[in-house]
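# Predicted coordinates and the sequence they were generated for:
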Amino acid sequence: MEPLNHLESFVQSAEGGSFSAAARRLGLTPAAVSKNVARLEARLGVRLFQRSTRRLTLTEGGERFLAQVGGALATLQEAVAGIDTDDGRPAGTLKVSMGQAFGREHVLPMMGDFLARYPAILPDWHFDNQQVDLVGEGFDAAIGGGIELSAGLVARELSRIHVVAVASPAYMKGRKKPRHPSELALLDTLLRRSSPTGRLRSWTLREARSGGEQATVELPHPRAIFNDPQAIADAALMGLGVAMLPMPFVERGLRTGELVRLLPEWYQDTGAVWLYYPSKKLLPPKTRVFIDFVLERFRTERFAQRMQVD
């Protein structure tokens, strides 16, 4: 096995993009980090980085090695440091990825109770809408949707997510409520542009009743276009028009009356939100208690029921 400090220097340099960034994280000098990486490369017989004056870039071999050792290193570090305290309490840094708006609205409020129960755990939570490589990037868990369930990962469904049409009471005042999705085109609409493709997302809804109709709404003249669903939700709250949004973005507004649901018999199922974690037989205690805590909290707060409308 390679010395732990050599592996730490490699992983931190890959994540930080430079020996200097790794040195700051590890409390070493850049020269010491560079020497550790050079010794690791010599031992492996593989060049791990392409070096330039501005930034380090992983070679193909370096990318493969990072994917293999990233998550394992975090587990090894905790084992060496003593992942549990003497009295058996879960401890250590808990690295979790989650969507920005979803994490702030539905996960962050849990932190106070979680820390009160597990004070020796240090949350290192990443709010990012980009998919992450749990194993390769050393994450303990992730909350979101659409992560490829590759070998070595487990996914626990937290809820199906429904998309609904909403507007503010102020916007709807004096306006006729639509009775069919096609009538949404008569209102000011707030559309979402897909960040990956640049295309405008169409609105498709289906009736909640069994065998109900499915309707796709053509919206050639939107009032505004955004690439961020939270911005759309904020615009709807401001009374700028009608939005079609997943329930995690509008549930609070509907509950407080700041938003009203249009077409209550219609919705779209956009998939599920999941809790992902590495499929280890012996999960670190910090990860196990986090998984149990999230599942318990989402269950007691009836999260799934709140995110589905039929």
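That came through fine.
# ok, Ile143 - how many residues close by?
Summarising burial for Ile143: neighbours were counted as other CB atoms under 10 Å, giving 23. Quick note: C-beta positions are derived from backbone N, CA and C, even for glycine.
# again, but for Arg89
Counted with other CB under 10 Å, the neighbours of Arg89 add up to 15.
# Give me the nearest residue to it, chain neighbours excluded.
Computed as CB to CB, 6 or more residues apart in numbering, the closest residue to Arg89 that is not its neighbour in sequence is Ala120, at 5.0 Å.
# ok, the one you found - how many residues close by?
By other CB under 10 Å, the residues close to Ala120 number 15.
# Ok, Gln230 next?
Neighbourhood size, Gln230 [other CB under 10 Å]: 18.
# still on that earlier bit, contacting residues around the residue nearest to Arg89?
Taking CB atoms under 8 Å, 6 or more residues apart in numbering as the definition of contact, the neighbours of Ala120 are 85, 89-92.
# Now stretch 292-310: buried residues?
Burial within stretch 292-310, assessed by neighbour count using 16 or more other CB atoms under 10 Å, is assigned to 294, 297-298, 303-304, 306-307, 309.
# Also stretch 163-175?
Across stretch 163-175, burial judged by 16+ other CB under 10 Å covers 163-168, 171-172.
# Restricted to strands, list those.
Secondary structure from DSSP state E places 163-167 of the buried residues of stretch 163-175 in strands.
# In TSV: the buried residues of stretch 163-175, plus pLDDT and distance to Met244.
Putting the buried residues of stretch 163-175 into TSV (pLDDT from 0 to 100; distance: CB to CB, whole Å) gives the following:
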residue	pLDDT	distance to Met244
Val163	95	6
Val164	96	7
Ala165	96	5
Val166	97	8
Ala167	97	10
Ser168	97	15
Tyr171	97	14
Met172	96	15
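# tell me the secondary structure for Asn129?
Local secondary structure at Asn129 is given as coil here, using DSSP: H, G, I helix; E, B strand; the rest coil.
# Look up the pLDDT of it for me, please.
On the pLDDT scale, Asn129 is placed at 80.
# Just give the number of residues close to it.
Here the neighbour count serves as a burial measure; for Asn129 (other CB under 10 Å) it reads 16.
# quick revisit: tell me the two of the ones in strands among the buried residues of stretch 163-175 that are most distant?
Pairwise distances across these (CB to CB) peak at 14.3 Å, for the pair Val163 and Ala167.
# which regions of this protein sit below the pLDDT cut-off?
The chain contains residues with pLDDT under 70 at 1-2, 27, 53-54, 70-88, 146-152, 210, 280-282, 310.
# Just want the most central residue of it.
Within the chain, one residue has its C-alpha closest to the average C-alpha position: by CA atoms, centre = their mean, that is Met98, at 2.4 Å.
# Look up how far Thr59 lies from the closest residue to it other than its chain neighbours.
Counting by CB to CB, 6+ apart, the nearest residue to Met98 once its immediate chain neighbours are dropped is Ile143, at 4.3 Å. For Ile143, the distance to Thr59 equals 32 Å [CB to CB, to the nearest Å].
# related to what we said a few turns ago, mind listing the residues bridging to the residue nearest to Met98?
Under the criterion DSSP bridges, Ile143 forms beta bridges with Met98, Leu275.
# quick one: it and Leu108 touch, right?
No: using CB atoms under 8 Å, Ile143 makes no contact with Leu108, being 11.1 Å away.
# Give the burial count for Gly253, as a bare number.
Gly253 sits with 19 neighbouring residues when counted by other CB under 10 Å.
# quick one: what helix or strand has it in it?
Element membership of Gly253, judged by DSSP states H and E, is helix 247-256.
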